[in-house]
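[1] Provided below are the primary sequence and the corresponding predicted coordinates.
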Amino acid sequence: MKNFFSKTVVAIHTFLLGVIITSAFFIFPKPVEIKSAEPNPIVSEQTVKTTATPNNKESKPELKSLSPYDIESYINSNPQTEIVEIWEKLKIADKYNGILPYDSENHFFTECSGCEAKTYNFELDGKPGSEVLLRVEDRLQEACRYLIFKYKKSETKEYGWQLIGYIDHDFGRYEMPQHYFLLSDGKNWLVVRVQGASGSGVALYNDRLFTIKNDKVVEVLDYPADGHQEGVGFEPARSFAGRILESKIENNVATIELEFTVNYSTFDGTDDDIPLWSKKQKAVFRTDLNSKKTIYDAKKSELSEREIETVYNIDMLTDKDLLRYNFEELKRTALGKRARQKQWLRDFLRMCEPSAEKSVLQRLL
């Protein structure tokens, strides 16, 4: 009986001791060991590829096609592209357009420093379907190119965009080339105004007239459209303009009737403009659309071709020419009652070389 009691006590003590030790593990948990994670080469490589910054070549937009709209979108989204690549694809890149190697003084529009492009729809050839005019300019280079496209069948009888011509101009110091569409004699014409000259006291802009003949762009006429030249000393200042009165085509010959207007003026000691005289004159040109040769119809014109070249131009009008081409206007001034205009004429004649016109005018004064 004594032995049984002792065993029972020992068992109870052992049980209680076990409970106490087990509780200690829950109250004081074992610290967690932290290990540095080793890099996973596969994960790291994928991460680099995902976060890598794409280079310029990868981010450069693609030219989807040679349609005028895709070229427009490509240039506007990539204004500093090497645009000669587009000219090459359109097969219009020659020495003038800058295919390497090229003469540095004889190349045009090979790359863009800030190009802009815009499309215009207009019917020009008299056939179903409008032409698309794509205008591309780089103001910093003063370069501008017009491309005319037509959506039509190719030689393989498949429809697609075809380039039928282009127009270039490489001078635009004060104003880049601008265009407008002219309707005359039931036909649409394309006119592009370009800057011809600039300088101190001078400005000249020309209008270039185009039509489409046998799916080709043909330049019909280039004429002075707007100009100005300040006078030096007693030489009068001139402001002049030219505009189309009528243009038509008969038997592949384009006849263009122009009206030229010129205003002469001078100034007094207070720099006030003194109007002298004005005149309007008609001129007729004819261009053979097959040979592209232009002739001047002097019989149906009111002035000579040389008068156009001197009066409606910059730095070409001499004092002798001014007396010759404006003799009737100057006689009216000499016989008139406008004192300031008559005094100007006296001063001007004193600086002119001897001539028959000068002698007559001095007698009239």
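    Great, that's in hand.
[2] wouldn't residue 225 be in contact with residue 244 here?
    No. Counting by C-beta atoms under 8 Å, residue 225 does not reach residue 244; the two are 9.3 Å apart. Quick note: C-beta positions are derived from backbone N, CA and C, even for glycine.
[3] what about the stretch 151-300 of the chain, any weak spots by pLDDT?
    271 (pLDDT under 70).
[4] What are the boundaries of the strands in it?
    With DSSP state E, counting those that start in this stretch, the ranges of strands along the stretch 151-300 of the chain come out as 159-169, 178-184, 187-199, 202-213, 216-229, 237-250, 253-267, 273-288, 294-296.
[5] any chance of these in TSV, plus distance to residue 118 and mean neighbour count?
    Listed next are those as TSV, based on distance: least, C-beta to C-beta, whole Å; neighbours: other C-beta atoms under 10 Å:
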stretch	distance to residue 118	mean neighbour count
strand 159-169	15	16
strand 178-184	11	14
strand 187-199	14	18
strand 202-213	18	20
strand 216-229	18	19
strand 237-250	25	17
strand 253-267	28	19
strand 273-288	29	17
strand 294-296	30	14
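[6] And those: which comes nearest residue 342?
    strand 273-288 (10.6 Å; C-beta to C-beta).
[7] elements contacting the closest one?
    strand 216-229, strand 253-267, strand 294-296, helix 327-335, helix 339-350 (3 or more C-beta pairs under 8 Å, 6 or more residues apart in numbering; DSSP states H and E).
[8] and the longest one, what does it pack onto?
    Pointing back at strand 253-267 there. Using 3+ C-beta pairs under 8 Å, 6+ apart: strand 253-267 touches strand 216-229, strand 237-250, strand 273-288, helix 305-311.
[9] before we move on, the earlier item: quick one: the helices and strands packed on strand 273-288 as a markdown table, columns for distance to residue 130 too.
    Below are the helices and strands packed on strand 273-288 laid out as a markdown table (distance: least, C-beta to C-beta, whole Å):
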| stretch | distance to residue 130 |
| --- | --- |
| strand 216-229 | 15 |
| strand 253-267 | 21 |
| strand 294-296 | 28 |
| helix 327-335 | 47 |
| helix 339-350 | 53 |
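[10] re earlier: distance to residue 125 added to the strands of the stretch 151-300 of the chain, as JSON lines?
    What follows is the strands of the stretch 151-300 of the chain, written out as JSON lines (distance: least, C-beta to C-beta, whole Å):
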{"stretch": "strand 159-169", "distance to residue 125": "8"}
{"stretch": "strand 178-184", "distance to residue 125": "13"}
{"stretch": "strand 187-199", "distance to residue 125": "9"}
{"stretch": "strand 202-213", "distance to residue 125": "4"}
{"stretch": "strand 216-229", "distance to residue 125": "10"}
{"stretch": "strand 237-250", "distance to residue 125": "12"}
{"stretch": "strand 253-267", "distance to residue 125": "14"}
{"stretch": "strand 273-288", "distance to residue 125": "17"}
{"stretch": "strand 294-296", "distance to residue 125": "21"}
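[11] Of these, which is nearest residue 135?
    When these are ranked by proximity to residue 135 (C-beta to C-beta), strand 178-184 comes first, at 7.2 Å.
[12] between that closest one and strand 187-199, what angle do the directions make?
    140 degrees (axes from the mean of the first three to the mean of the last three C-alpha atoms, to 10 degrees).
[13] between strand 178-184 and strand 159-169, how many degrees?
    Going by the same axes, to 10 degrees, strand 178-184 makes 110 degrees with strand 159-169.
[14] Can I get strand 178-184 in CSV? Just the C-alpha atoms.
    C-alpha atoms of strand 178-184 as CSV (Å, rounded to 0.1, in the frame of the first residue of the first chain):
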residue,chain,number,x,y,z
GLN,A,178,1.1,79.1,-99.3
HIS,A,179,-1.4,77.7,-101.8
TYR,A,180,-5.0,78.3,-103.0
PHE,A,181,-7.3,76.8,-105.6
LEU,A,182,-8.5,78.8,-108.5
LEU,A,183,-11.7,78.2,-110.5
SER,A,184,-11.6,79.6,-114.0
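[15] Direction included, what does it pair against?
    strand 187-199 (antiparallel) (DSSP bridges).
[16] Compute the inter-axis angle for the strand it pairs with and strand 237-250.
    160 degrees.
[17] check contacts around residue 72.
    By C-beta atoms under 8 Å, 6 or more residues apart in numbering, the contact set of residue 72 is 117, 118, 119, 134.
[18] could you redo the last one with a cut-off of 6 Å?
    By C-beta atoms under 6 Å, 6 or more residues apart in numbering, the contact set of residue 72 is 117, 119.
[19] On the three-state scheme, it is what?
    Following DSSP: H, G, I helix; E, B strand; the rest coil, residue 72 is assigned to helix.
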